[in-house]
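[1] here is my input; please provide its structure:
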Amino acid sequence: MMKKKKTKKESSDVVNKGKGEGGNSLGHLAKEDKDGYAATREITLEGEISSIGDSPKREAGNISVEGDPPQRVSTAASVASPLERVHQIVGESQECRKYGESYEEETLLGEGEEEMSDMSTDEMLSGMESDEDVSEEVKQFSSGGELIYKHFYNDEINALSQEIQEKERLLGEVNKTVWVLKNRFVKLEKHIKSKKKEMAKRKKLVEEKKKIEEEENGACVNIQAKNHFLTKQNEKLKYERERNNEKIIRTQNDLMQCDHSIEEMKEKLIDKEKELKEWTLQIDKLQKEEFEVEKFALCQDKEIENMSYKLEKLNLERVEQEKKVNTMKTKNMQLQMELQANIKENEQMEEEKKKLRTKCKCVVDTINNRDQTIFKFEEEFTRYAKKREKLTHSCKAINEHIETQRGKNHLLSDQLKREESNLSKLKREEGKIQEELKKAYDERDILIKDLDCEKITAREKLEEKNNLQVSLTGLEKTLHKLTQSFEESKREYAKEELNSVEKNQLIKSSEQILTEQNGKLAKLSSKIKVLDEEKFKLQENLQKSKNEYTILEADMVGTQIKIKQMKSNIKKMEQELERQKEILYKFDFQTQVLTKKLNVASGISTFEKKKKSQKKIDTLEKEFTRYEEIYNTLNNEMKRISVELKNIKNQQMCMKEEKGNILQDTEKLELEIKSLESNVLTQNKEKENVMLIEMNLKIELDKMKEIFSNNLDSLNVLKKKKKENVQNEKLSEQDMNAHVDSLKVIVKNMNDELHKLNLQVHDRKSRCNNLELKLDAINVRSGEEEYQQRGEEEGGRPDRPDAQDNQHIHYKIKIEEDISKLKQEIETLDALIEKENQQVEQFQKTLNEIIQTNKSFSENIKCIDPQYKELLKKKNKLNKKCDQIKDDIASIEKHISEYKKKINGVENELNDVISDVRSVEDKVTALQENSRKMEGTINDIFVKIERASNQLRGLVGAKKKPLSSQLGASQSDDDGEDAPTGEPTPTGGGAEQRAEQVPLEKRVFKQIQMESLKEKLALLFECFQSHGDNAVVREIYHVIEASE
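    Residues are numbered from 1 along each chain as shown. Next comes the predicted model:
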């Protein structure tokens, strides 16, 4: 149907051109179509005129059309009488009336079936002859008739000329009646023109509505195809998601098995702790028995109360020091909060940078709009150039007709020379206009160069922004290093505190820590699952939104939504990290408080430990001052960066001002273009005056129109074929573009799938690392148990069954199998990723092939269509838009990669926290080992002390009387040690009197009862060194050696 309508349009165009354009030149019978494809077919007339003296006849020139052979048309050269010419004029006016009536009937009847031609009513009526034009023609004809007929050479013609002059007088009266009729005809024509304009307006509206409907239908077809394609992809993604969910469930089951094994290990540890408690109860019972035995021998309870009072004072001092340490920790927490605030400020700076990028994009869009306006001006220049070419062709045709008349009439030669001089003047003016056009083109090129320079400056500024971003990343790394060093100092401080705490209480606290951390890990896993579900829901919403928009809008909106999702996820992860840090800090604070309470309850602290703690506090204060200086330097650098960003904003404002100046220059160019248009209009008016002078020649040309009509029919047929070819080419281009867009969508979906698979691989690897770390912890515990078993074998204890070792080995084998399974799954995922990469490469190859075919297709179009420049301009505009879209996509991908890096940093921080937890577990296990070793040594020492005490009692009872003199000397030395200050005093006469009051046995047993094990041993060795001459002490030392 569309093709039939187009053929009808072209036929109507031909009729309008043949009948309505009576005064137009013959070289412009083929006009431009709506799509901008001009069929420039030139029609040349080569006049072959015979000399007047030899033959009175003349032959018409060759009429050639591109692609058709030239045809020779011969017309009679006999000079018609003026009466015949007048009858021809009257007949033509009647024919024009008949044609107007028939044309009105055709247009009124064919409104529903046929569309209006591309020519407007003004163009149709421009060629019609007005009453004034015809009156001037008749006056010229009547005035020039005498001159024409006086100079004919033939005698017959001279005789007839007198008769014709008499008849012309008679025809004058007839002509008056004819002019009256013509005036009426002009009024009717004006009325018809007004109606035609209304009809044309209505038909234009109908055509516009039809075009809009066609475009909407085409868009609906494309959207349906895209929806079908997207539904298929959604089904594929759902199938893959189900597979991934199954794999996740399998891995979760494996993790549950590992958790069960860990719980079993915990139960075993609880059993061992119960055994330790039983041993401690037995030790307490033995100590109570010793205290009951020694109470009968001790009489100085007052001194014991004094020592306890002093110990309480020391404990109070320790509590005060610990309060100071807590204040330092609170200050450290404040500094951490300030660091987090600085990090948030950095994020705000990044958001401001993103806003600046969006502003730069807006500036680029304005530049593109300016380019489009420049291209529109170029199209208008081309139109004016085409009109100028038409005028030049018409001038050439006029010159040819003037040369034909020179052979007939020598008198007209002077007039023709004058006209030629006028034409030469016009040509000179045309040359001047061409020079002005060249200047305008040069100015346009200069403006384009200026635009390129501005683009280069914008790129340089973008590079500067990137450098600033790199500097910001460096500063963030330094902050990360400082936080790591601060955490290490905390760890060292915690280690030193843990070493000072008693063994049994540390074991209990470590178990509580393990239980709490396991609960936290379970909570984190549940939160991660919830986040995964939210991600799936958001992805489904994204897919629904993509189906509602077109391809380009969908791509841009999708990327923006993904960026927002990444930001929200990052913020959530940062909040979770802050919560975890706060929880860890609270946990450390609680452990410290518990250790302090335990120390206060036990009363085990010395001056040396206090001095050490004071030294550590001083070192920490120095480090704190150093960190404050670093923090101040970082703040100064951030301020400097903010100043640089303000300078960048000022530069952008300067760029905007420059762009405003460029817009003003463009407006000036538009004014110049309008002035040129006015000059062209004046020239057209002058040329119309020349045409009025040569109206006599057009009368003869009307006869030639009948001959040209046949050629025009052939031209119309060729135009139809050409339009069909152009439409086919457009359809093929649309198909190619749609195929390319679909391939791009496929590539993007493949990239999304690759990203998901990479995330899954990263999760699997992290889980494998966790399992390996758990294996290491189990290996350490098994090594501890083996060490205990060896100690028991050396002590001569009975061998225990190896059921626990077998269980550990069984758990190790299971965990190794799980790790092997996870590694196999990771390998399968890597293979899938490689396959998808290969598919992406194949798609890229197909795209390259399509691009090559497009290039070859465009070259073929150039060969077929002579006006390929407009097509090239349109194609270049589309390519520019595509490049801009690609640049935007590249920038978005860069942002995504940066967010990925940040996510990786957050994951690394989480891994560091997990490694810290594991190091605490390792420390706890090491403390358990040390406690077990110390228990063994303590038991041995108690056995030796019991043996030595029994032997001492026997020896003292046997040798009390003969050795009384020797005991007096030993008592004098020992009284200095029993002073309230705890400092040794020199031996003298006052010491001998005290020795007589307190015996050596009571003092030794008293100090064994009151002091700790280490102090007991130190006291025994001091006694051996100071009283080595005493016989009793020697015997005790020999007894201890024998017991060992």
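[2] and this structure, what are its domains?
    79-222, 959-1043 (automatic domain parsing).
[3] neighbours around residue 226, how many?
    Other residues within reach of residue 226, judged by other Cβ atoms under 10 Å, total 19. C-betas here are computed from N, CA, C, even on glycine.
[4] okay, it: pLDDT?
    Here, the pLDDT recorded for residue 226 equals 70.
[5] how much space separates it from residue 568?
    Here the criterion is Cβ to Cβ, to the nearest Å. By it, residue 226 lies 28 Å from residue 568.
[6] circling back to that earlier point, rank the domains of the chain by pLDDT, which is bottom?
    Among these, domain 959-1043 carries the lowest mean pLDDT (a mean of 50).
[7] what packs against the one helix or strand residue 612 maps to?
    Per DSSP states H and E: residue 612 is located in helix 607-693. The contact analysis (3 or more Cβ pairs under 8 Å, 6 or more residues apart in numbering; DSSP states H and E) places helix 607-693 against helix 301-408, helix 412-500.
[8] okay, the angle between the shortest one and helix 301-408?
    So the one you mean is helix 412-500. With axes from the mean of the first three to the mean of the last three Cα atoms, to 10 degrees applied, the angle from helix 412-500 to helix 301-408 works out at 170 degrees.
[9] packing partners for helix 412-500?
    With contacts taken as 3+ Cβ pairs under 8 Å, 6+ apart, helix 412-500 sits against helix 301-408, helix 551-602, helix 607-693, helix 868-958.
[10] mean confidence for that helix?
    So the average pLDDT for helix 412-500 ends up being 72.
[11] what's the angle between that helix and helix 607-693?
    The directions of helix 412-500 and helix 607-693 differ by 170 degrees, with the same axes, to 10 degrees as the criterion.
[12] now the first one
    Compare the direction of helix 301-408 with that of helix 607-693 by the same axes, to 10 degrees and you get 10 degrees.
[13] as a whole number, average confidence for helix 301-408?
    74.
[14] which other helices and strands contact it?
    Using 3+ Cβ pairs under 8 Å, 6+ apart, the elements in contact with helix 301-408 are strand 44-48, helix 412-500, helix 551-602, helix 607-693, helix 695-794, helix 868-958.
[15] rerun that using 10 Å as the cut-off
    Judged by 3 or more Cβ pairs under 10 Å, 6 or more residues apart in numbering; DSSP states H and E, the packing partners of helix 301-408 are strand 44-48, strand 59-64, helix 412-500, helix 551-602, helix 607-693, helix 695-794, helix 868-958, helix 1000-1010.
[16] check the gap between residue 831 and residue 757 for me.
    Taking Cβ to Cβ, one finds residue 831 at 11 Å from residue 757.
[17] show me which of the two is the more surrounded one.
    Taking other Cβ under 10 Å, residue 831 and residue 757 do not tie; residue 757 has more neighbours (17 against 10).
[18] if we can go back for a sec, closest to residue 617 out of the helices and strands packed on helix 607-693?
    helix 301-408 (6.5 Å; Cβ to Cβ).
[19] helices of the stretch 151-300 of the chain, start to end?
    For the stretch 151-300 of the chain, the helices defined by DSSP state H, counting those that start in this stretch occupy 155-295.
[20] re the thing from before, tell me which of the helices and strands packed on helix 607-693 lies nearest to residue 270.
    The nearest among the helices and strands packed on helix 607-693, by Cβ to Cβ, is helix 412-500 at 21.3 Å.
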